[in-house]
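Peer 1: Structure here, sequence nowhere to be found:
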């Protein structure tokens with residue numbers, strides 16, 4: 001009987017198995033290293049994410065007698081009395097800011113300090129990569145005057161049904177708070193001035209673009225585009241404009257209908 005020449009040597013298949021196991025171990029170590037590197041990279045990306053450490057320069061345009069603005073983490077808190085800093089019939093007779101407007105079909109309310117206070121929170125850095133979101137009833141933003149901005153609806157219907165109650169600057173009271181539906185000519189009248197901040201953290205400006213001095217021609221469906229403004233120090237930034245089209249039967253321009261782009 002022939003002697004086995006490889007009696008004290010591992011079989012060839014056994015050697016291959018050892019090599020295979022060793023290769024897997026090395027590959028596993030490599031994968032673990034890659035995963036560790038990826039996690040470290042993700043952490044680095046998170047650490048590098050831009051977080052606002054100071055308020056946007058545009059907030060300086062808000063009336064400090066009516067509005068308080070401050071950072072709270074990644075959000076901006078806007079607290080306001082809701083009381084406008086300009087004349088309107090809705091101040092009521094006897095007030096120093098009362099303006100007689102005989103052609104306005106007054107709503108039952110007049111201005112008071114206890115029914116207009118509003119607080120909103122917005123992202124300090126708007127998320128412009130998500131889906132657009134429709135506006136809803138009630139406050140959709142805060143104007144530089146201290147009062148609320150509403151959309152193009154009134155009581156679940158079109159604004160036309162309440163147009164007669166709008167004062168000279170496109171605002172009225174109801175429900176509860178004084179608010180603008182139209183271009184607020186008391187502080188932005190066919191110009192590039194800041195109108196306010198909306199709930200998605202995007203600023204709203206008048207009908208003209210500060211960069212060109214004219215009506216912008218590249219607005220999206222929300223009335224937004226990207227350009228420099230008087231508050232961005234030469235940097236381009238996405239923002240809204242009041243769209244330069246007469247709204248329905250109001251004879252004026254709608255402040256903002258949406259949808260929001262910054263959620």
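Peer 2: Happy to help now that I have it. Keep in mind that this is a model prediction, so the values were computed, not measured.

Peer 1: can you give me the mean pLDDT across stretch 225-238?
Peer 2: The average pLDDT within stretch 225-238 is 97.

Peer 1: what's the answer for stretch 182-189, then?
Peer 2: For stretch 182-189, the mean confidence score works out to 98.

Peer 1: Kindly report the same for stretch 121-128.
Peer 2: Stretch 121-128 shows a mean pLDDT of 95 in the predicted model.

Peer 1: ditto for stretch 62-78
Peer 2: Stretch 62-78 comes out at a mean pLDDT of 96.

Peer 1: Check stretch 199-215 too.
Peer 2: Rounded mean pLDDT across stretch 199-215 is 97.

Peer 1: For it, buried residues please.
Peer 2: Within stretch 199-215, the residues that qualify as buried are 199-211, counting by 16 or more other Cβ atoms under 10 Å. From N, CA and C alone the C-beta is placed, and that goes for glycine too.

Peer 1: Could you identify the most distant pair in the residues you listed?
Peer 2: 199 and 211 (25.0 Å; Cβ to Cβ).

Peer 1: check contacts around residue 242.
Peer 2: 183, 188, 195, 204, 205, 206, 207, 223, 253, 254, 255, 256 (Cβ atoms under 8 Å, 6 or more residues apart in numbering).

Peer 1: Could you do residue 256 as well?
Peer 2: 135, 140, 141, 149, 151, 198, 204, 222, 223, 240, 242.

Peer 1: how about a cut-off of 6 Å?
Peer 2: The contact partners of residue 256, by Cβ atoms under 6 Å, 6 or more residues apart in numbering, come to residue 204.

Peer 1: cool, and the one 5 residues further on?
Peer 2: Shown here is residue 261, whose contacts under the criterion Cβ under 6 Å, 6+ apart are 132, 222, 224.

Peer 1: Let me know the closest of those to residue 230.
Peer 2: For the contacts of residue 261, the nearest to residue 230 is residue 224 (16.8 Å; Cβ to Cβ).

Peer 1: neighbours around the nearest residue to residue 107 once chain neighbours are set aside, how many?
Peer 2: Counting by Cβ to Cβ, 6 or more residues apart in numbering, the nearest residue to residue 107 once its immediate chain neighbours are dropped is residue 174, at 4.6 Å. With neighbours defined by other Cβ atoms under 10 Å, the count for residue 174 comes to 16.

Peer 1: ok so, going back, just the closest of the contacts of residue 242 to residue 81, please.
Peer 2: The nearest member of those to residue 81, counting by Cβ to Cβ, is residue 195 at 18.1 Å.

Peer 1: doesn't residue 204 make contact with the closest one?
Peer 2: Yes: look at residue 195 against residue 204 with Cβ atoms under 6 Å: they come within range, at 4.5 Å.
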